[in-house]
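A.B. asks: structure, please.
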Amino acid sequence: MTYKDVVRELNANADDKYRDFIAKLVPTIEKDTIIGVRMGDLRRLAREIRKEENLDIFNEAKFYYREEKLLYALCLFKMSDSFDKAMDALDAFLPYIDNWEVTDLIAGEIIIDEAHINKAFQKALSYVHSSDEYTIRLGLVIMNKKYNDSAHIEKILDALKSISLDAYYVNMAAAWLLCELYFTDKAKVDEFLSSESISMEIKKMTRQKIRESLKK
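C.D. replies: Coordinates of the predicted model:
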């Protein structure tokens with residue numbers, strides 16, 4: 001299998017109606033960068049790549065299409081030789097990340113063993129301190145999925161104070177994270193929301209998410 005074969009397979013699984021749906025779901029990307037491949041087909045293709053190839057197959061990737069980025073996210077951590085190599089590859093991939101769908105998939109796919117729990121947390125912190133919208137979001141969503149516990153809440157709240165970029169997908173990720181932390185330590189999050197540590201927009205989004213969660 002070559003990377004040209006991968007692209008051909010992506011195009012063979014294109015669905016025009018699904019492409020229209022994704023264009024609305026992820027409005028920050030141009031429609032011509034969407035092939036229209038469903039996640040189930042992407043996961044199937046990722047399994048085939050992991051079985052037959054190594055990560056070098058993506059050396060030819062231009063990461064123009066949404067599906068190329070998602071496919072790489074599905075392969076990166078399962079195909080890397082080590083945690084350090086995976087994180088180096090992720091750092092190199094950051095400039096290609098241009099939407100929430102990719103950040104959130106990466107955060108769900110990242111593999112963190114016990115030996116690298118702290119190192120991965122420090123990496124997520126470094127992402128939150130970035131000036132790029134989707135790098136910040138990636139750090140926040142990693143924290144949400146992997147470090148939403150009492151052992152990390154203080155450092156996470158400190159990291160949230162450092163966010164100066166006012167961008168929708170950053171604000172939404174911060175609010176989502178704070179909402180989840182609320183159910184870990186209500187008192188600390190209430191105190192944090194009462195302070196001047198974060199923007200009014202994040203506070204508003206967080207309180208809305210908490211109200212929605214309490215209604216469930």
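
A.B. asks: and the contacts of stretch 92-102?
C.D. replies: With CB atoms under 8 Å, 6 or more residues apart in numbering as the test, stretch 92-102 has contacts from 25-26, 28-29, 63, 66, 69-70, 72-73, 76, 103, 106, 132, 134-135, 137-138, 169, 172-173. Every residue, glycine included, has its C-beta placed from N, CA and C.

A.B. asks: after the helix or strand A89 falls within, which helix or strand is next?
C.D. replies: Secondary structure assignment for A89, by DSSP states H and E: helix 83-93. Sequence-wise, the next helix or strand downstream of helix 83-93 (DSSP H and E) is helix 100-109.

A.B. asks: and the residue nearest the centre of the chain, how far from D81?
C.D. replies: Closest to where the C-alpha atoms of the chain average out (CA atoms, centre = their mean) is T103, at 2.1 Å. Distance of T103 to D81, given as CB to CB, to the nearest Å: 24 Å.

A.B. asks: swap in P95?
C.D. replies: Distance from P95 to D81, by CB to CB: 23 Å.

A.B. asks: again with G36
C.D. replies: 33 Å.

A.B. asks: from the contacts of stretch 92-102, which land in helices?
C.D. replies: Residues of the contacts of stretch 92-102 located in helices (DSSP state H): 25, 66, 69-70, 72-73, 76, 103, 106, 134-135, 137-138, 169, 172-173.

A.B. asks: sorry, back to before: and G36 and D81? Which one has more around it.
C.D. replies: Between G36 and D81, counting by other CB atoms under 10 Å, G36 is the more crowded of the two (22 against 9).

A.B. asks: what sits against the more buried one?
C.D. replies: 14-20, 22.

A.B. asks: leaving out sequence neighbours, find the closest residue to it.
C.D. replies: R19 (3.0 Å; CB to CB, 6 or more residues apart in numbering).

A.B. asks: where does that neighbour fall, secondary structure wise?
C.D. replies: helix 16-25.

A.B. asks: please consider this matter closed, and thank you.
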